[in-house]
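Q: got a predicted model here, sequence first, then my questions.
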Amino acid sequence: MSEKLHPVPQEWATRAHVDAAKYDADYARSIQDPDGFWGEVGKRLNWITPFTKVKNVSYAPGNVSIKWYEDGALNVAANCVDRHLATRGDQVAILWEGDDPKDSKAITYRELHEQVCRFANALKSRGVKKGDRVTIYLPMIPEAAYAMLACARIGAVHSIVFGGFSPDSLASRIEGCASKVVITADEGLRGGRKVPLKANTDAAIAKVGGVDTVFVVTRTGADVAWTEGRDIRYEDAVAEASPEHEPEAMNAEDPLFILYTSGSTGQPKGVLHTTGGYLVYASYTHQLIFDYHDGDIYWCTADVGWVTGHSYIVYGPLANGATTLMFEGVPNYPSTSRFWEVVDKHKVNIFYTAPTAIRALMGGGEEPVKKTSRASLRLLGSVGEPINPEAWEWYYRVVGDSRCPIVDTWWQTETGGILITPLPGATDLKPGSATKPFFGVKPELVDAEGKVLEGAAEGNLVIADSWPGQMRTVYGDHKRFEDTYFSTYPNKYFTGDGCRRDADGYYWITGRVDDVINVSGHRMGTAEVESSLVAHEKVAEAAVVGYPHDVKGQGIYAYVTLNSGVEGDDALRKELVAWVRKDIGPIAAPDLIQFAPGLPKTRSGKIMRRILRKIAEDDFGALGDTSTLADPGVVEDLIDQRQNKA
Ligand code: WTA
């Protein structure tokens, strides 16, 4: 692994919010005195009732309880919008860049306020009240932010479902949190292609029921099916609604949103984030890690359907009074220069994207980048998966002209905000390392038995104490929350990631150690893909693992045992890929399918995934002990038929 060091540039050490000395001092204090530290940081928000308590956390087995600022009251939308009106009402809050380069729009804080208030009133007029769950299934249009903030304003809990998910995936998420309201658009538009969001919503609702209101934003103007009494044109609803609305006082621990995410087992779980601690953490990390200063133009390329979009397109930046760019399109439409053209068009200073996008663009060479100026860029960021040192160096040298530091930010849906990251004015960079913990974050490496490893070591990454942005529970299933995150290593939060710490105390995330795969920065549970495959009439059994993929980071490799008498061929491969795409969504489509008459199982019938992973990696020299297999013979056949031959 590369150990090249990029020291903090002198100008950064001077201009940044945090330099190396301040990092050391504040980090030490944040760990020694979390109440004092986070008590001060908490004051960055406007509280309706100021908090007097800061941290109240137990990781004790059977009694996990996480509370921050628990006696304070505030409103997230008021913090993200209203409090900026006096000082920056005419400043652009959201800079929207459409799929078509001719399409863009600037929304000031004053306009944002009006839109959010109107839609808050529209939601109320349909009977939505504090605590109700609202599902949002929208493309990357400003209405997605209006909808999130309108929910927050009235105290409704939003659950955003990524627009790339299928009707079935949408249905199970609507059902999972019993949403009576869905907010969608007629169609989405990505890379010139239309996504039938309203039709998908109709199909989902037909499956689960319980939805009495669907707000439909007009995006393309397509002619869509309409259910009278249930479906409401968004534009009509906001036109009729009042532009005045008094934000609801929410307790710091009232839920803000649910976001479904994949785990090792079963169906996706509803990660629940609450109000006060989440917003303190999202805004504080956004300001310090991206070194945000007034007037900066900040662009995070994520989708609001993922946690990165929640914390670092909408809540963190808007709480800081930032100008946040929201992009509807994709990196390669109409050309592979698009990202950089957008940077030049809007004079973007801070740019935050995923390694998969960088690797894909890297494949197209330097010319599409170099023909743009990018002179406005000052800082680059990376998130979602480990960034390989080659991609890091390319990002640094070609995109950033060797002048912009890169913050490689490690975090998770569960963590609400970034936990391990460089601070650009404080941390010398090592390509491929997420470097050091943020304030208040106590990472530890443990071995399989839970023994804490000291110094330079490699093990499983746990976090030994809480931070304000931590998830509070799995919606409706607190036991699953405890079992998933606090039972493997009692009294610690288990991340599911493997990690190495070097002699300088730098952290290097090595990837998931559980049955979650990270495809283009999107989390996918192998169990979800398996259950989709076995639902196909020709499939008897399936085992899914990840394998290294040049662009996606990990690809999806499926071993499929067919029902007896069924012949496996390329046509069936295509059929199965299409099946999973339709069932879960395009992001879950297997990249490689191997038809396997037998899978390696222990005598008790457990599939030995370790072996399947090795074969999928084309690294079967070191299969380890296969003597416990019920039928060691299947391994030879699997190796012979492997689909990922070098
Ligand atoms: C991975 C995305 C290495 C990791 C914010 C984690 C990373 C999972 C990084 C969470 C990074 C995220 N370096 N790995 N900088 N960032 N990951 O919930 O495996 O979609 O557990 O949250 O992505 O994915 P999630």
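A: Cool, the structure landed. Numbers count the residues shown, from 1 in each chain.
Q: for residue 138, what are its contacts?
A: Contacts here follow Cβ atoms under 8 Å, 6 or more residues apart in numbering; on that basis residue 138 touches 144, 147, 160, 163, 183-185, 188, 197, 217, 304. Backbone N, C-alpha and C define where each C-beta goes, glycine included.
Q: any idea how far residue 589 is from it?
A: 23 Å (Cβ to Cβ, to the nearest Å).
Q: kindly report the same for residue 107.
A: In terms of Cβ to Cβ, residue 107 sits 35 Å off from residue 589.
Q: show me the beta-bridge partners of the closest residue to residue 262 other than its chain neighbours.
A: Distances taken as Cβ to Cβ, 6 or more residues apart in numbering place residue 525 nearest to residue 262, at 3.8 Å, with adjacent residues excluded. Residue 525 has these beta-bridge partners by DSSP bridges: residue 516.
Q: on that earlier part again, neighbour-wise, which of the contacts of residue 138 leads?
A: residue 184 (31 neighbours; other Cβ atoms under 10 Å).
Q: residue 500 touches residue 455, doesn't it?
A: No: contact between residue 500 and residue 455 fails when scored by Cβ atoms under 8 Å: they sit 11.5 Å apart.
Q: more neighbours: which of these two?
A: Neighbour count, other Cβ under 10 Å: between residue 500 and residue 455, residue 500 has more, with 17 against 9.
Q: report the distance from whichever helix or strand that one is part of to the chain centre.
A: Using DSSP states H and E, the element containing residue 500 is strand 493-501. Mean-position distance between strand 493-501 and its chain equals 17 Å (Cα atoms, centre = their mean, to the nearest Å).
Q: is it anywhere near the ligand?
A: Yes: contact between strand 493-501 and the ligand, assessed by Cβ under 6 Å from any ligand atom, occurs at 495-497.
Q: now that strand: buried residues?
A: Residues 493-501 are the ones in strand 493-501 that count as buried (16 or more other Cβ atoms under 10 Å).
Q: quick one: average pLDDT of that strand?
A: The average pLDDT for strand 493-501 rounds to 98.
Q: cool, and stretch 290-309?
A: Mean predicted confidence for stretch 290-309 is 98.
Q: buried sites along it?
A: 290-292, 296-309.
Q: not counting sequence-adjacent ones, nearest residue to residue 632?
A: residue 626 (5.2 Å).
Q: spell out the secondary structure type for that neighbour.
A: coil (DSSP: H, G, I helix; E, B strand; the rest coil).
Q: farthest pair within the buried residues of strand 493-501?
A: 493 and 500 (19.0 Å; Cβ to Cβ).
Q: my guess is residue 13 contacts residue 425. True?
A: Yes: Residue 13 lies in contact with residue 425 (Cβ under 8 Å); the separation is 5.4 Å.
Q: identify the contacts common to these two.
A: Counting by Cβ under 8 Å, 6+ apart, the residues touching both residue 13 and residue 425 are 19-20.
Q: how about the stretch 251-400 of the chain: which residue is closest to the ligand?
A: Nearest residue of the stretch 251-400 of the chain to the ligand: residue 386, at 3.9 Å (Cβ to the nearest ligand atom).
Q: which residue, neighbours along the chain excluded, lies closest to that residue?
A: residue 509 is the one closest to residue 386 (Cβ to Cβ, 6+ apart), at 5.3 Å.
Q: can you check residue 260 too?
A: Nearest residue to residue 260 in three dimensions, chain neighbours excluded: residue 268, at 4.2 Å (Cβ to Cβ, 6+ apart).
Q: the one you found touches residue 259, doesn't it?
A: No: the criterion here is Cβ under 8 Å, and residue 268 misses it with residue 259 at 9.3 Å.
Q: which other helices and strands does the helix or strand harbouring residue 277 contact?
A: Using DSSP H and E, residue 277 maps to helix 276-289. Contact here means 3 or more Cβ pairs under 8 Å, 6 or more residues apart in numbering; DSSP states H and E; on that basis helix 276-289 packs against helix 34-42, strand 65-68, helix 76-80, helix 316-319.
Q: can you pull the buried residues of stretch 337-350?
A: 337-344, 346, 348-350.
Q: make TSV from those and add secondary structure, pLDDT and distance to residue 68 to it.
A: Below are these laid out as TSV (DSSP: H, G, I helix; E, B strand; the rest coil; pLDDT from 0 to 100; distance: Cβ to Cβ, whole Å):
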residue	secondary structure	pLDDT	distance to residue 68
337	coil	98	44
338	helix	98	40
339	helix	98	36
340	helix	98	40
341	helix	98	41
342	helix	98	36
343	helix	98	36
344	helix	98	41
346	helix	98	35
348	coil	98	33
349	coil	98	31
350	strand	98	27
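Q: same list (those) but as TSV, adding distance to residue 392.
A: Formatted as TSV, the buried residues of stretch 337-350 follow (distance: Cβ to Cβ, whole Å):
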residue	distance to residue 392
337	21
338	22
339	17
340	18
341	23
342	22
343	19
344	23
346	25
348	20
349	20
350	17
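Q: just the residues you listed now: which is nearest residue 98?
A: residue 342 (10.4 Å).
Q: so who does the closest one touch?
A: 97, 299, 325, 327, 348.
Q: ok, residue 182 touching residue 217?
A: No: if you go by Cβ under 8 Å, residue 182 and residue 217 don't touch, sitting 11.5 Å apart.
Q: burial of residue 247, as a residue count?
A: Using other Cβ under 10 Å, residue 247 has 22 neighbouring residues.
Q: how about it: what's its closest non-neighbour residue?
A: According to Cβ to Cβ, 6+ apart, the nearest residue to residue 247 is residue 75 (3.8 Å).
Q: next one: residue 518
A: residue 385 (4.8 Å).
Q: for the ligand, see how far away residue 48 is.
A: 30 Å (Cβ to the nearest ligand atom, to the nearest Å).
Q: ok so, going back, for the residue nearest to residue 632, what are phi and psi?
A: Here is the backbone geometry of residue 626 (degrees, to the nearest 10): phi -110, psi 10.
Q: got a list of what it touches?
A: Applying Cβ under 8 Å, 6+ apart to residue 626 gives the contacts 600, 608, 611, 632, 635.
Q: would you mind listing what in the stretch 351-500 of the chain touches the ligand?
A: So the stretch 351-500 of the chain meets the ligand at 382-386, 408-413, 434, 495-497 (Cβ under 6 Å from any ligand atom).
Q: repeat that with 8 Å
A: 355, 382-387, 408-415, 418, 420-421, 434, 495-497 (Cβ under 8 Å from any ligand atom).
Q: so residue 444 touches residue 450, yeah?
A: No: Residue 444 is not in contact with residue 450 according to Cβ under 8 Å; the separation is 10.1 Å.
Q: all strands for the stretch 151-300 of the chain, in order.
A: Counting by DSSP state E, counting those that start in this stretch, the segments of the stretch 151-300 of the chain that form strands are 157-160, 181-185, 188-190, 193-195, 213-217, 231-233, 250-251, 255-261, 269-274, 297-300.
Q: so what strands line up beside the second one?
A: For strand 181-185, the paired strands and their directions (DSSP bridges) are strand 133-137 (parallel), strand 213-217 (parallel).
Q: kindly reformat those as CSV containing distance to residue 541.
A: Conversion of those to CSV gives the following (distance: least, Cβ to Cβ, whole Å):
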stretch, distance to residue 541
strand 133-137, 33
strand 213-217, 39
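Q: how about a markdown table for the ones you listed, with distance to the ligand added?
A: Output for the strands paired with strand 181-185, formatted as a markdown table (distance: least, Cβ to the nearest ligand atom, whole Å):
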| stretch | distance to the ligand |
| --- | --- |
| strand 133-137 | 17 |
| strand 213-217 | 25 |
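Q: which of those is buried the deepest?
A: strand 133-137 (a mean of 25; mean count of other Cβ atoms under 10 Å).
Q: contacts for that strand next, please.
A: Contact with strand 133-137 is made by 123, 128, 144, 147-148, 151, 156-161, 163, 165, 170, 173-174, 177-184, 197, 200-201, 258, 304, as judged by Cβ under 8 Å, 6+ apart.
Q: ok, and of the residues you listed, which contact the ligand?
A: Near the ligand, by the rule Cβ under 8 Å from any ligand atom, you find none of those.
Q: show the buried residues in the residues you listed.
A: So, by 16+ other Cβ under 10 Å, the buried ones in those are 123, 128, 144, 147-148, 151, 156-161, 163, 165, 170, 173-174, 177, 179-184, 197, 200-201, 258, 304.
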